[in-house]
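> 3D model of this:
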Amino acid sequence: GKDAIMSTQSHKQVSVLTLSTLAFTVCFAVWVMFSIIGIPIKASLGLNETQFGLLAATPILTGSLIRLPLGMLTDKIGGRIVLFVLMVSTVLPIYLISLATEYWHFLLLGLFVGVAGGAFSVGISYVARWFPRQRQGLAMGIFGAGNAGAAVTKFVAPSLVVAYGWQAVPQVYAVAMLAMAILFWIFTYTDTTHHVPGHVTVRDQLAVLKDRNVWKLCQYYSIVFGGYVALSLWMTKYYITEYGFGMQTAALLAAVFVLPSGIIRAMGGWLSDKFGAHRMTWWVMWVSWICLFLLSYPQTEMVVQTTKGEMSLHLGLNVWVFTALLFILGIAWGFGKASVFKYISDEYPHNIGVISGIVGLIGGLGGFLLPILFGAIVDITGVNSGIFMLMYGITWVSLIWMYLTEVRKVPMIRKTAAADTRE
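As a prediction, this is how the structure comes out:
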């Protein structure tokens, strides 16, 4: 009777959450594929840093732009069919990358492969609807941990490149994507009561953009998510050029940043439920501000004139300190990604889909623009750590904005929090 219905429902919840998270992990791994294969491609085509940045970022562009329409479509016809079709549609373009020879081939295919990045907005709304409200933060956090797919690429792709050449990566990924799509379809369920046909129009979504608060959340997300994506794309190369490592070592060191930041998002969801989104985000911004300040320091040689002749000093981060700071930054951003979504579900419970679509879109565009700016900075100045100076500046903006709009009103925030606990 009732118990049996409950147990099948919870079985379905677990199944949906597990397979959606796995599917999203594969999609994310594909989305940042050029962070590894872009390095040999850059060498063979003789690209400069800016061109490499554009190559790595092209999939991020379509993955971000497609989030809004996909989110709306998911509300209408359900996440299961949308995610399945999305995954299958990327299989051929992924495979074709292995045959590409010109720079424009890679850019064009990158746009099509980027569609995989849209899996986030489909999956998050599909998964959330299967869970009661008080468990949604955790469920969305677990699903969001599929961000760690960026680390899967760091572990798998370099070995393939070294053993079989970079062409092996898109071939293996195409097969993996097809297999994942089929598994997803077999082991998930459709619940038609979740579909809300045509309740969101484009006009509603544009109306949301008049809300200043939404722009502030976009700004936060463009650091914690956009910055995460940008550094996922850039760090392997950074370790190679700044510290002289080979590709496999560089990718493993980059994974120290990428993997924890992806996985910790689930814990971030739980902590945001407990401490509130505002307090979490404030701490996240301060921690990233400090880390980015230290990471910005370029390798410096100083010659001091002394009475005994010249004394030379070297100032700069060695690889261990650098990696430790990057690790802390990654953890902070992992919490931040979750806390921004908690803001959304707290402040806009009735249109989570719309707001998270827009915030995800702008955050993703941060992930598209940053690598191109990184490349330009390195091309123009020749200073590798210039990329951290840029992000330090962006974090400044967030901190000031947050201080002016939220922290100065803290007594008010505390009052509302007290009122909430009494209810």
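> which regions of the stretch 51-200 of the chain lie under the pLDDT threshold?
Across the stretch 51-200 of the chain, the ranges flagged by pLDDT under 70 are 194-200.
> swap the cut-off to 90 and go again
For the stretch 51-200 of the chain, the stretches flagged by pLDDT under 90 are 67-79, 120-122, 124-151, 189-200.
> contacts only, for the spatially closest residue to residue 66 that is not a sequence neighbour.
Spatial nearest neighbour of residue 66, chain neighbours left out: residue 118 (4.0 Å); criterion: C-beta to C-beta, 6 or more residues apart in numbering. Heads up, the C-betas are built off the backbone N, CA and C, glycines and all. Neighbour list for residue 118: 62, 63, 66, 67, 70, 86 [criterion: C-beta atoms under 8 Å, 6 or more residues apart in numbering].
> does the third one touch residue 115 like I think?
Yes - Residue 66 lies in contact with residue 115 (C-beta atoms under 8 Å); the separation is 5.9 Å.
> re the thing from before, from residue 329, how far off is the residue nearest to residue 66?
Residue 118 sits 26 Å away from residue 329, going by C-beta to C-beta, to the nearest Å.
> residue 364 now?
For residue 364, the distance to residue 329 equals 19 Å [C-beta to C-beta].
> who has more neighbours, these two?
Legend: neighbour count by other C-beta atoms under 10 Å for residue 364 and residue 329, higher for residue 364 (29 against 25).
> what's the helix or strand for the more buried one?
helix 352-381 (DSSP states H and E).
> please save the CA atoms from the next helix or strand after that helix in CSV.
Using DSSP H and E, the next helix or strand after helix 352-381 towards the C-terminus is helix 386-405. What follows is helix 386-405, C-alpha atoms only, in CSV (Å, rounded to 0.1, in the frame of the first residue of the first chain):
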residue,chain,number,x,y,z
GLY,A,386,48.1,39.1,-14.7
ILE,A,387,45.0,36.8,-14.9
PHE,A,388,44.7,36.9,-11.1
MET,A,389,45.1,40.7,-11.0
LEU,A,390,42.0,40.9,-13.3
MET,A,391,40.0,38.6,-11.0
TYR,A,392,41.1,40.5,-7.9
GLY,A,393,39.7,43.6,-9.5
ILE,A,394,36.4,41.9,-10.2
THR,A,395,36.1,40.6,-6.6
TRP,A,396,36.7,44.1,-5.3
VAL,A,397,33.6,45.2,-7.2
SER,A,398,31.5,42.4,-5.6
LEU,A,399,32.7,43.2,-2.1
ILE,A,400,31.9,46.9,-2.5
TRP,A,401,28.5,46.2,-4.0
MET,A,402,27.7,43.7,-1.4
TYR,A,403,28.8,46.0,1.4
LEU,A,404,26.7,48.9,0.1
THR,A,405,23.5,46.9,-0.6
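> quick one, helix 386-405 and helix 352-381 angle?
Angle between the axes of helix 386-405 and helix 352-381 is 140 degrees (criterion: axes from the mean of the first three to the mean of the last three C-alpha atoms, to 10 degrees).
> now helix 386-405: buried residues?
By neighbour count on 16 or more other C-beta atoms under 10 Å, the buried set for helix 386-405 is 386, 387, 388, 389, 390, 391, 392, 394, 395, 398, 401, 402.
> same check, this time on stretch 60-73
For stretch 60-73, burial by neighbour count (16+ other C-beta under 10 Å) applies to 60-68, 70-73.
> what does stretch 47-59 give?
Neighbour counts over stretch 47-59 (16+ other C-beta under 10 Å) mark 47, 49, 50, 51, 52, 53, 54, 55, 56, 57, 58, 59 as buried.
> then it to CSV, C-alphas only?
Output of stretch 47-59 as CSV, limited to C-alpha atoms (Å, rounded to 0.1, in the frame of the first residue of the first chain):
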residue,chain,number,x,y,z
LEU,A,47,48.2,30.2,-32.0
ASN,A,48,48.9,33.1,-29.6
GLU,A,49,47.5,33.2,-26.0
THR,A,50,44.4,35.2,-27.0
GLN,A,51,43.6,32.7,-29.8
PHE,A,52,44.0,29.8,-27.3
GLY,A,53,41.7,31.7,-24.8
LEU,A,54,39.1,32.0,-27.6
LEU,A,55,39.4,28.3,-28.5
ALA,A,56,39.0,27.1,-25.0
ALA,A,57,36.1,29.5,-24.3
THR,A,58,34.0,29.0,-27.5
PRO,A,59,32.0,26.0,-26.0
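> contacts for it next, please.
Contacts to stretch 47-59, defined as C-beta under 8 Å, 6+ apart, come from residues 30-35, 38-39, 41-42, 103, 106-107, 110-111, 113-114, 116-117, 230, 233-234, 237, 367-376, 378-379.
> buried ones among those?
Using 16+ other C-beta under 10 Å, the buried members of these are 30-35, 38-39, 41-42, 103, 106, 110-111, 113-114, 116-117, 230, 233-234, 237, 367-376, 378.
> what's the neighbour count on residue 14?
Residues near residue 14, counting by other C-beta under 10 Å: 11.
> swap in the one 5 residues further on?
The number of residues packed near residue 19 is 22, by other C-beta under 10 Å.
> give me the element it is part of.
Residue 19 is part of helix 2-31, with elements assigned from DSSP H and E.
> all strands of the chain, in order?
Counting by DSSP state E, one finds strands in the chain at the ranges 300-306, 309-315.
> now find how far off-centre stretch 92-107 is within its chain.
Mean-position distance between stretch 92-107 and its chain equals 23 Å (C-alpha atoms, centre = their mean, to the nearest Å).
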